[in-house]
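Asker: mind folding the following:
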Amino acid sequence: MSKRIAFFDFDGTITTKDTLLEFIKFCKGKPAFYSGFMLNAHYLVGFKAGIITNQRAKERILEYFFKNTSVNDFREFCLRFSTEALPALIRPGAISEIERLKAEGTDVVIVTASAEDWVKPWTDAMGVRLMGTRLELVKEKITGKIKDINCYGEEKVRRIKEQYQLTDYERIFAYGDTSGDKPMLGIAHESFYKPFRS
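Answerer: A predicted model of the protein is given here:
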């Protein structure tokens, strides 16, 4: 049987919203979420203007909301989010496509810039693999820093090639919805941009 593999972006492709933002709202509540973003607006403006990297802007937000949170408390939040809030954000078409691919024997991998911590309970339940951004821990606490590099853009391709010998696969599929997914879409035989919007 020929080997096939499919790489899916998560935020905006499988979900209807950015899960980092929804995770913060879930953990901290909407008033704290909005006030926190107002206080850090200059970082977001800097990112949009190309002055601050995607990684630094994300780290600043993570530091503001989660620095010094114990890893046990953080992972409990992640588990609750994945069961209580995440299901309502998942696009039905994405679920159908993943299930179809799995039934055909295709390996399915979620490749996301979101932290693995709050996506992994969902991917485990779906029976698919996960590559995501990894958060730094110091003395069993979240620092807000990203370990290594944010899993975004070219880093998605680097991580994929690090773990998979792509020449072993007869067919490669990729699904994404932003410019940050285009490098990953570019390595596929068949790519799908914003595929589950209808």
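Asker: what residues does stretch 123-134 touch?
Answerer: Contacts of stretch 123-134 from elsewhere in the structure, counted by C-beta atoms under 8 Å, 6 or more residues apart in numbering, are 10, 58, 82, 98, 102, 107-116, 119-120, 146-148, 150-152, 156, 159-160, 163. Where C-beta positions appear, they are placed from N, C-alpha and C, glycine not excepted.
Asker: now stretch 173-182
Answerer: 4-9, 12-13, 54, 94, 97, 101, 106, 113, 152-153, 156, 184-185, 187-195.
Asker: restricted to helices, list the residues you listed.
Answerer: Under the assignment DSSP state H, the contacts of stretch 173-182 contribute 54, 94, 97, 101, 156, 184-185 to helices.
Asker: widest-spaced pair of those?
Answerer: The distance between the two most remote of the ones in helices among the contacts of stretch 173-182 (C-beta to C-beta) is 28.5 Å, for N54 and L101.
Asker: and those two? Which one has more around it.
Answerer: Of the pair N54 and L101, L101 is the one with more neighbours under other C-beta atoms under 10 Å, namely 19 against 14.
Asker: ok, now which ones touch that one?
Answerer: L101 is in contact with 4, 6, 108, 173, counting by C-beta under 8 Å, 6+ apart.
Asker: any idea how far it lies from R134?
Answerer: As for L101, its distance to R134 is 26 Å (criterion: C-beta to C-beta, to the nearest Å).
Asker: beta-bridge partners for the closest residue to F74 other than its chain neighbours, please?
Answerer: Nearest residue to F74 in three dimensions, chain neighbours excluded: I142, at 5.2 Å (C-beta to C-beta, 6 or more residues apart in numbering). Counting by DSSP bridges, I142 forms beta bridges with L137.
Asker: okay, now I142: neighbour count?
Answerer: The burial count assigned to I142 is 23, neighbours taken as other C-beta under 10 Å.
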